[in-house]
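1. Quick check, what structure comes out for this input:
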Amino acid sequence: MDKEYRQYIENLAAYCRDVTFHGEYSQTFRFAPKRHPGDGDSNTVTKMTISVDHVYLNQLITVYPETTLAYKRKDYKQIGKDMLHEICHTYFQAVWDLFVWDQCQSQKKSNDETVERQVQRVAVTIYSLLPRGWYLPSRLKKVGQSA
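-> Reported below is the predicted structural model:
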């Protein structure tokens, strides 16, 4: 794993965590060597996922190879949008866990799609309020660096 790439992802995630006011969450990263197992042969490719622990206040962010390819293409804007979307799941995950733990199988797809749409609405709103180019490597402070 390229150290510069890893640092970029960590800085980007920290920025998104801070602008969404989730600063109390620690962040852990996993860089997956292969595509998300649920992608199969579909045209939709998973770029990142997040698992949120609301008890111990941690965000586990898994980064998939499609994000690495975007980084090599210098598509920082898309990576920024993707990361912001994942961090915005933190707003919804606790409620999602509470209300769908016993959902019937026939409702699962609809419920999943509804949560994804709502997360995206919040992410798009926050994105539109951020300064231009916030996702560029040169604009992000290093994790642990003071303001």
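
2. Buried residues in stretch 38-57, which are they?
-> Residues of stretch 38-57 classed as buried: T46, K47, M48, T49, I50, V52 (neighbour count, 16 or more other C-beta atoms under 10 Å). Glycine gets a C-beta too; all of them are placed from N, C-alpha and C.

3. Repeat that for stretch 96-105.
-> W96.

4. How far off centre is the worst-scoring helix or strand of the chain on mean pLDDT?
-> Within the chain, confidence by mean pLDDT, DSSP states H and E is lowest for helix 105-129 among all helices and strands, at a mean of 89. Taking C-alpha atoms, centre = their mean, to the nearest Å, one finds helix 105-129 lying 13 Å from the centre of the chain it belongs to.

5. Check stretch 2-17 too.
-> 11 Å.

6. So which bits of that stretch are buried?
-> Y5, Y8, I9, E10, N11, L12, A13, A14, Y15, C16, R17.

7. Check stretch 78-92 too.
-> 79-91.

8. Just the pLDDT for the residue most central in space within the chain.
-> Nearest to the mean C-alpha position of the chain, by C-alpha atoms, centre = their mean, lies E86 at 2.4 Å. Predicted confidence (pLDDT) for E86: 98.
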